[in-house]
Each structure stands twice: as C-alpha cells, then as structure tokens.
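K.L.:
pasting the sequence and the predicted model now:
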Amino acid sequence: MQCEYLYIADLQLLFRLSSSSGCAKAGGVRFSEEPHAASSHVHFDEKLHDSVVMVTPEDDGNFLVKVGFLKTQHRYEIVFTLPEIPALGKNVCPAPLPGPHLRITDITPAQEGGLKITCEYITQHEGVLCEEVRLLSETNDDVCVRVKVHARVMDRHHGTPMLLEGVRCIGPELEYDSEQSDWQGFD
C-alpha cells in the first residue's frame, strides 16, 4: 500500500496556481517560505485576530448583530455598540416583554457616541439562530428599533468555541433531565 503526502511546498504551488488562474483567492492565509521544513506553519493575517461582535445596519433602520459561535445549554453576556439613532432620542429603553432566550440587561451611552447595549442570551438548541430584541424611545411611542442577534450555536459536546470580543460565557445552564438536576422524581 502506497501513501501519498502533501507537503507545504505542494500547498504553496497549489495556492500560486489557484491565485494566477483567476480562481477566488484565499485572502487571509500565507505559507512559510521554507520548502519541506520540518516545522512549517501556516500564518494568518493580523487583521483576522480582530474578532469582535459585528453590528450591521439594515436598510429598514434596524440592526443585525453577529456574535459568532456559541455552545448549547450556556448563558452568555453580549456587549455591543449601536451607532447614534436620532429617532430614538436620548432616553431609550428595552421593550417591556423580552423573549425567553434573549433580554437586554443594560443600555448606556457609549463614550464614542451611540448606545452600549448589554444582553443576556441563553442558548437552548444548536443551529443558526436569530433572536430579536426591541429598543423603544421613552419620548416617542411611534419609534421602535429591532436588533436581531445572529448566533451559530454548536452542541455542547463538540468542543469549546473561541468567543468574539464582546461575548462572555457566564456559565452552563442546568439540564432538567440530567444528574445536575436536584429533582428526586416521584415517590
């Protein structure tokens, strides 16, 4: 039985060929220059280390907040800054009835302008999830801004995700049907 190995030099050649043939480029990866070196490494651009929660304004005046990978059955604190929203005014509050999984815990003016929002998010099941909170103006009842929080939630048995800056794991949630529960059952 014959095994074939793909060395770093071969990867460099494939990368150069795909770059020169008009294929899509793999922007953030570069290879070390030593061919067949025993300690070859793949290096990533420094800008890729700037992993923060992404806030994107939508066409309708609402916002999409991408918080990256999270783990099921955990509670997270998510902090992000929205740009200044003149229609809301200075006095802003969360909607009175938050959803069961995502709620705003604090709204403060940001030093650089806008609003610093702190949320608590409880992940219940895996998948690409989108939860929504609403910001209301205390002076104008007609103004409401929706903030959709987009998360990729993985199963709790599939490793630990690298959290983005602005996301902090508060801790795991107890499961009702596990030995973590203190319920003794029926007599």
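P.N.:
Sure thing, it's come through.
K.L.:
how close does the residue nearest to Thr56 when sequence neighbours are not counted get to Arg168?
P.N.:
Closest residue in space to Thr56, ignoring its immediate chain neighbours: Leu64 at 4.6 Å, by C-beta to C-beta, 6 or more residues apart in numbering. All C-beta spots, glycine's among them, are computed from the backbone N, C-alpha and C. When C-beta to C-beta, to the nearest Å is applied, the distance between Leu64 and Arg168 equals 21 Å.
K.L.:
follow-up on the earlier one: so the residue nearest to Thr56 sits in a strand?
P.N.:
Yes: counting by DSSP: H, G, I helix; E, B strand; the rest coil, Leu64 is part of a strand.
K.L.:
contacts only, for it.
P.N.:
If a contact means C-beta atoms under 8 Å, 6 or more residues apart in numbering, then Leu64 has Val55, Thr56, Glu58, Lys148, His150 as its contacts.
K.L.:
in the sheet, who's paired with it?
P.N.:
On the basis of DSSP bridges, Leu64 is bridged to Thr56, Lys148.
K.L.:
so where do the helices sit in this protein?
P.N.:
8-20 (DSSP state H).
K.L.:
so where's it shaky on pLDDT?
P.N.:
1-50, 175-185, 187 (pLDDT under 70).
K.L.:
if we can go back for a sec, among the contacts of Leu64, which one sits closest to Arg134?
P.N.:
In terms of C-beta to C-beta, no member of the contacts of Leu64 lies closer to Arg134 than Lys148, at 10.3 Å.
K.L.:
roughly how far apart are that closest one and Lys90?
P.N.:
24 Å.
K.L.:
neighbour-wise, which of those two wins?
P.N.:
Lys148 (16 against 11; other C-beta atoms under 10 Å).
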